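Undergrad: Provide a 3D model corresponding to the input given below.
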Amino acid sequence: MALFTTSGTLHAQDRKALKIGVSVGSGEQIWEVVKRAAARDGLAVEVVVFNDYQLPNAALAAGDLDANAFQHQPFLDNQNKSRGFDIVPVGLTITAPLGFYSRKIKSIDALPDGASVGIQNDPSNGNRALLLLQEAKLITLKPEAVKNNNATPLDVVSNPKKLKLVPLDAAQLPRSLDDLTIASINNDYAEKAGLTLAKDAVIKESPKGPYANIIAVRRADKDKPWAQQLVKAYHSPEVKNFIETKFSGALVPAF
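TA: Below you'll find the model as predicted:
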């Protein structure tokens, strides 16, 4: 069963009305600006908001969306492989540096032995969280897992502080902060929970990492004129200025 209904005009070769799936939080705010830029090119953009990372690609693959903009390439690669989607990127959007947050400590130097550490349970973001823990010199991972970007808790070969890694759904991590010592939380969920990377994160990912987010479409649509118009709208000066002024480094334009 389709998640959303679409009008016949959305299936026309030269479509002018588009449904775009985004994640809750900052994505919604940015796409309000993109909508205005797209309107100048004759594109009417409807934003469909999701609060679960597992849904936007399924909706896109099913034809209920024309594009989505919530994920980085490693996440898409994993979804294409594990779920049989044929979804491709058409343009870059933002980089959202990952952070570890806590309600119990103010600095990572205060992390106690045996601390409970929440990480995402999806392969790409879980790998990303583990790499950030390794960068902070809290764990060591198997070199092969680091090279292949597929680390899991089973790939931890050194854990001197005997940290207890707790994989949870990404949306559950902010709600679990009271039960965990620290938790890896994606930017959109952190923002919804009232957390900011600059002020609240005890570990921060470099904004120049490999996790730039993308606009993605079905492969059959990647060369359609509307896809490039959509990317052009996102890459407009007003969108870039909005990201840089609104988010103060918590989100960084990747274009």
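Undergrad: count the residues that sit near Pro225.
TA: 11 (other CB atoms under 10 Å). Yep, even glycine has a C-beta here, placed from its N, CA and C like the rest.
Undergrad: mind checking pLDDT for the closest residue to Gln229 other than its chain neighbours?
TA: Nearest residue to Gln229 in three dimensions, chain neighbours excluded: Asp41, at 4.8 Å (CB to CB, 6 or more residues apart in numbering). Reading off the per-residue confidence, Asp41 sits at a pLDDT of 88.
Undergrad: what about the strands in this structure?
TA: For the chain, strands defined by DSSP state E occupy the ranges 17-23, 44-50, 67-72, 87-95, 99-101, 116-120, 140-141, 156-158, 164-168, 182-185, 201-204, 212-218, 252-253.
Undergrad: so which of those strands comes closest to Ala110?
TA: Ala110 lies closest to strand 201-204 among the strands of the chain, at 8.5 Å (CB to CB).
Undergrad: list the neighbouring strands of that closest one plus their orientation.
TA: Partner strands for strand 201-204, per DSSP bridges, with pairing direction: strand 99-101 (antiparallel).
Undergrad: any idea how far the partner strand is from the chain center?
TA: Here the centre of mass of C-alpha atoms in strand 99-101, compared against the chain's by CA atoms, centre = their mean, to the nearest Å, lies 14 Å away.
Undergrad: again, but for stretch 171-190
TA: Relative to its parent chain, stretch 171-190 has a centroid offset of 14 Å by CA atoms, centre = their mean.
Undergrad: what's the answer for stretch 203-218, then?
TA: Shown here is stretch 203-218, whose average C-alpha point lies 7 Å from the average C-alpha point of the whole chain (CA atoms, centre = their mean).
Undergrad: what's the answer for stretch 227-245, then?
TA: Relative to the centre of its chain, stretch 227-245 is centred 18 Å away, using CA atoms, centre = their mean.
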